[in-house]
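Visitor: just to be clear, the model below is a prediction. Sequence and coordinates:
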Amino acid sequence: MYSWILESKLRKTFDHINAGRYEPVIAVFAPEHEHVFHGDHALGGRRTSMDLTRRWYARLAAIFPDLKFEIRSIAIEGWPWRTRALVEWRDAFTLPDGTRGGNQGVHALEIAWGRVRRLEIYCDTAKLSHYLRVIGGEAGAAPITG
């Protein structure tokens, strides 16, 4: 039952992203958390405060305003005080010239009592870096870290 509830919450969190509502996404993080996106690019780095995580999601929304995720699978294991979840996804977005871009990856989460303590995002960083160069502007900024 717990896994079913958590899977439902994870799907709803991605629904919020798909709708451009990032505040409910930020609200699932524990006050003390780690948010990691691998790669040396504007979305890369490690964040450990709500302020930096909020700034990261604002940047994500600015770079990819019509970002949409398709959840491929969700795997959950553990107990409410230490749960691990993997969310496999594909995404899609519009580039400045009107063409569509996309990527695929996995969110690896550690969750305690319904709050995300650690999120690690894995995707094709070569593909992402290419898209960020094409987009330019804030997509070429230094990572938000701290």
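Guide: Okay, I see it.
Visitor: surely Val134 and Thr94 touch.
Guide: No: in this structure, Val134 is not within contact of Thr94 by Cβ atoms under 8 Å, at 11.4 Å. In short, each C-beta sits where N, CA and C put it, glycine included.
Visitor: count the neighbours of the nearest residue to Pro96 once chain neighbours are set aside for me.
Guide: Leaving aside its chain neighbours, Pro96 sits nearest to Ile135 (6.1 Å; criterion: Cβ to Cβ, 6 or more residues apart in numbering). Neighbourhood size, Ile135 [other Cβ atoms under 10 Å]: 18.
Visitor: assign Ile121 to one of the three secondary structure states.
Guide: Put simply, Ile121 is strand when judged by DSSP: H, G, I helix; E, B strand; the rest coil.
Visitor: residues touching it, list them.
Guide: If a contact means Cβ atoms under 8 Å, 6 or more residues apart in numbering, then Ile121 has 36-38, 105-108 as its contacts.
Visitor: that one and Trp113, how far apart?
Guide: From Ile121 across to Trp113, the span is 22 Å (Cβ to Cβ, to the nearest Å).
Visitor: show me the strands in this structure, by range?
Guide: 29-37, 45-47, 68-79, 82-94, 100-112, 115-123 (DSSP state E).
Visitor: angle of the last one against strand 82-94?
Guide: Computed by axes from the mean of the first three to the mean of the last three Cα atoms, to 10 degrees, the angle separating strand 115-123 from strand 82-94 equals 50 degrees.
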